[in-house]
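Visitor: this one's structure only:
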């Protein structure tokens, strides 16, 4: 869309800094929509290629674990899904904060688009964790701090989706969901640090930003490739979903 | 008897867990993509 058809706050100039101009320009659905349309296929292609590479490294390159045997290979899906469940919630809460503070409707729609995928990754983390726990711990589930806080995260996602669908007026639903999402952010550090704060059956972090990883390089490579694949998948799905929301709410037309 | 670590791994015991984890996860991700594709079609038909 030509810049001259946009409002002055979107065009920049008139005393508005270039940094603010960029932010606001892409908060405009007419600017964002073509960007999302072009980016989404690349995200899906990257997700497919990275997932193939990650699965190949995970199943055919990474060695068998000396203690757990082959079942440890669930790590190549479990850890990326768990990381994505927390990361997507933080991104969703960030968009909710933008929606409340700047009143940008696209931010609220992005949060809405991320919630189902975040819930799905949380469920996958819990499901794969149960299937890993049974042969290694001898149980599908324990009420330890890591597992319980991750389950609370799933309920937060489901609560967000339920609240969104329970309120007919989209603006009111967006505000209510934003407050819920921001209140739930407190659960993310609880999940992350639960294995340090409490004595849990769940193991501590194998990968940290401040310490060397406690696993073989090929295992780490497979896990990181799968994490990038999940990230690209989530980005692609969120972009496509937000384009649907823009049309469903009549902001843009097909 | 060979001293091969794979000999000590009970594949028949572990395979259902690995297959269950990856199978259900990819099934769910595929279902999400299918639902999203249907939503895209509906959004395109809106006037």
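Guide: Ah, there it is. As the structure is a computational prediction, the values presented were derived from the model and not from experiment. Numbers count the residues shown, from 1 in each chain, chains lettered A, B, ... in the order given.
Visitor: For chain B, spot the helix or strand the model is least confident about on average.
Guide: Here the helix or strand of chain B ranked lowest by mean pLDDT, DSSP states H and E is helix B:5-8, holding a mean of 49.
Visitor: Could you list every helix and strand that the next helix or strand after that one packs against?
Guide: Counting by DSSP states H and E, the element after helix B:5-8 in chain order, helix or strand, is helix B:11-45. Packing partners of helix B:11-45 (3 or more CB pairs under 8 Å, 6 or more residues apart in numbering or on different chains; DSSP states H and E): helix A:75-102, helix A:105-137, helix A:217-248. Just so you know, the C-beta spots here come from the backbone N, C-alpha and C atoms, and that holds for glycine as well.
Visitor: Export those as a markdown table, with columns for mean neighbour count, distance to residue A:186 and mean pLDDT.
Guide: Formatted as a markdown table, those follow (neighbours: other CB atoms under 10 Å in any protein chain shown; distance: least, CB to CB, whole Å; pLDDT from 0 to 100):
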| stretch | mean neighbour count | distance to residue A:186 | mean pLDDT |
| --- | --- | --- | --- |
| helix A:75-102 | 22 | 10 | 95 |
| helix A:105-137 | 23 | 16 | 95 |
| helix A:217-248 | 21 | 22 | 95 |
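Visitor: would you list those helices in JSON lines and tack on distance to residue A:149?
Guide: Formatted as JSON lines, these follow (distance: least, CB to CB, whole Å):
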{"stretch": "helix A:75-102", "distance to residue A:149": "10"}
{"stretch": "helix A:105-137", "distance to residue A:149": "11"}
{"stretch": "helix A:217-248", "distance to residue A:149": "20"}
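Visitor: Out of these, the one nearest residue B:27 is which?
Guide: helix A:105-137 (10.3 Å; CB to CB).
Visitor: List, one by one, the residues from chain A near chain B.
Guide: Applying CB under 8 Å from any CB of the partner chain, we find that chain A lies next to chain B at A:64, A:66, A:69-71, A:73-74, A:77-78, A:81, A:116-117, A:120, A:123-124, A:127-128, A:131-132, A:134-135, A:233, A:237, A:240-241, A:243-244, A:247-248, A:253-254.
Visitor: One more pass at 6 Å, please.
Guide: Taking CB under 6 Å from any CB of the partner chain as the criterion, chain A approaches chain B at residues A:64, A:69-71, A:73-74, A:77, A:120, A:124, A:127-128, A:131, A:135, A:240, A:244, A:247-248, A:254.
Visitor: what's the closest of the helices and strands packed on helix B:11-45 to residue B:18?
Guide: helix A:105-137 (7.9 Å).
Visitor: The closest one packs against which elements?
Guide: helix A:75-102, helix A:145-166, helix A:217-248, helix B:11-45 (3 or more CB pairs under 6 Å, 6 or more residues apart in numbering or on different chains; DSSP states H and E).
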